[in-house]
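>>> Below are the sequence and a predicted model for it; my questions follow.
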Number of protein chains: 2
Amino acid sequence: MTEKTAAVQANGGTRIQREKRAAILEAGLTVFAEAGFRGATLDRIASEAGLSKPNLLYYFPSKEAIYEALLQELLETWLDPLKALNPSGDPVGELLSYVMRKLEMARDFPRESRLFANEILAGAPAMLPVLEGELRTLVDHTAAVIDGWVAEGRLAKIDARHLLFSIWAQTQHYADFDTQVRAVMGKADFDGAAAHLDLLFRRVLTP
Amino acid sequence: MTEKTAAVQANGGTRIQREKRAAILEAGLTVFAEAGFRGATLDRIASEAGLSKPNLLYYFPSKEAIYEALLQELLETWLDPLKALNPSGDPVGELLSYVMRKLEMARDFPRESRLFANEILAGAPAMLPVLEGELRTLVDHTAAVIDGWVAEGRLAKIDARHLLFSIWAQTQHYADFDTQVRAVMGKADFDGAAAHLDLLFRRVLTP
DNA sequence: TTCCGATTTGACCAATCGGTCAAAACAACG
DNA sequence: CGTTGTTTTGACCGATTGGTCAAATCGGAA
């Protein structure tokens, strides 16, 4: 049992193992988000993480392994805010604070947003099963909650699923298309975006 | 003057030259949209266009040349609908038909939308000057028109630039994140999207 | 038919890619 | 100190990449 000690232990391991694995994931996030899966190179990830390429491959068996570890980690972070929707809260307030949480994520974790965007743009080769499974289930559940709110008259009539797309599209836009936003506005202007989206969704959702 | 005959003549040329160049651009659009600039290979573009790689390089001097030709061509198509906004028309109607035109483009030209998304996601290495120049100017002009409408009270109060982002984000979402939309909805549902966006922007824009 | 420029191709090249491997360096513990 | 297992690395590999080039083929005008 002397072989592949580090590589096999995906979770846990010694302090140094956890640190190096974390550094690799951190570097991988930067590079994959910027260049996509195919555009990213092991050499760049290794150098960004402060390691040699063979040393990197001592901790992860392949480029794909790094990528998939990142996607898996990403998904929880990504779905959490949606799960935080409280069906017994104030509908408009719940949805507005979901929008704000999403916008904050676009501001604070733009690499995660771009990683996700790259994966979906490429046709979700590594995430399709999760999209069709976990995500779809969660969306179905959330749509039922929203439909309930609409039926009770506490929310303006609206298609629940397309409403979610509207929220995702607009919040992630500020991370994924940041370059375009900066080119047009001169600056990132997340505060302006927050005010705008609050106003927009208030008009859309208030009964 | 016997050298580089075809390659030099970017526009015009013989019938066969125009046809082959068009076939290459068509193939390049498919491949670049699917794989991004770095992910695309000349071999794939050539085979998709029905040519050998050296033959492809007879019509375009490099991979970058194909990519840049596509981006340039794309830009006109992309900005045209915005230019079609009629300042003396009905504000809500003008903006709604802009939204619909954009949504139709996402439905009918998804490859163009994804090509653009890939370029921006990668930091717009080849488009930044255009974004900061032509696009910004056009946005400034359009924002002035929208601000005028708001000032006249013919449009609900709203930030013009962020409104444009809202329109772009939501319409392009149906092309760029098509995979996700399909995974969640089971189908693409552009009709549902059209109804939803009409309703959404009507609520947002009507004074 | 002949000729000449336009077009096409097979063979090839240097660089880069993801990944391997054996040996070296290191760390911890007796 | 020596031993043992962990970590790191330089050298290397086959495959793929973007791109070149000389030679072959094609096509139309005279």
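Noted; the coordinates are in hand.
>>> Only C-alpha atoms from now on, for both contacts and neighbour counts.
OK.
>>> what's the neighbour count on A:Val139?
Neighbour count for A:Val139, taken as other CA atoms under 10 Å in any protein chain shown: 19.
>>> residues touching A:Ala23, list them.
Neighbour list for A:Ala23: A:Ala49 [criterion: CA atoms under 8 Å, 6 or more residues apart in numbering or on different chains].
>>> In three-state terms, label it for me.
With DSSP: H, G, I helix; E, B strand; the rest coil as the basis, A:Ala23 sits in helix.
>>> Chain B versus whichever residue of chain A sits closest to DNA strand D, what's the distance?
Nearest to DNA strand D in chain A, going by CA to the nearest atom of the strand, is A:Asn55, at a distance of 3.3 Å. Per CA to the nearest CA, to the nearest Å, A:Asn55 is found 25 Å from chain B.
>>> Neighbours of A:Ala69, how many?
Applying other CA under 10 Å, we find 14 residues neighbouring A:Ala69.
>>> mind showing which ranges of chain A have poor pLDDT?
Low-confidence segments of chain A, defined by pLDDT under 70: A:1-12.
>>> can you list the domains in it?
Using automatic domain parsing, the domains assigned to chain A come out as A:3-61, A:69-205.
>>> just how off-centre is the first one within its chain?
So the one you mean is domain A:3-61. Here domain A:3-61 is found 20 Å from its chain centre; the criterion is CA atoms, centre = their mean, to the nearest Å.
>>> From the contact counts, what lies against the helix or strand hosting A:Met105?
In the assignment (DSSP states H and E), A:Met105 maps to helix A:91-108. Contacts defined by 3 or more CA pairs under 8 Å, 6 or more residues apart in numbering or on different chains; DSSP states H and E place helix A:91-108 against helix A:63-83, helix A:160-176, helix A:190-205.
>>> Export the next helix or strand after that helix to CSV, keeping only CA atoms.
Following helix A:91-108 in sequence order, the next helix or strand is helix A:110-121 (DSSP H and E). The C-alpha trace of helix A:110-121 is given here as CSV (Å, rounded to 0.1, in the frame of the first residue of the first chain):
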residue,chain,number,x,y,z
PRO,A,110,-16.7,35.7,-11.1
ARG,A,111,-14.4,32.9,-11.9
GLU,A,112,-16.9,30.3,-10.7
SER,A,113,-19.5,32.0,-12.9
ARG,A,114,-17.3,32.0,-16.0
LEU,A,115,-16.3,28.4,-15.4
PHE,A,116,-19.9,27.4,-15.4
ALA,A,117,-20.6,29.6,-18.4
ASN,A,118,-17.8,28.0,-20.4
GLU,A,119,-19.0,24.5,-19.5
ILE,A,120,-22.6,25.2,-20.6
LEU,A,121,-21.4,27.0,-23.8
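>>> quick one, helix A:110-121 and helix A:91-108 angle?
100 degrees (axes from the mean of the first three to the mean of the last three CA atoms, to 10 degrees).
>>> what about helix A:110-121, near chain B?
Yes. Contact of helix A:110-121 with chain B (CA under 8 Å from any CA of the partner chain) involves A:Arg114, A:Ala117, A:Asn118, A:Ile120, A:Leu121.
>>> Can you tell me which of those comes closest to DNA strand C?
Using CA to the nearest atom of the strand, the residues of helix A:110-121 next to chain B come closest to DNA strand C at A:Asn118, 15.7 Å.
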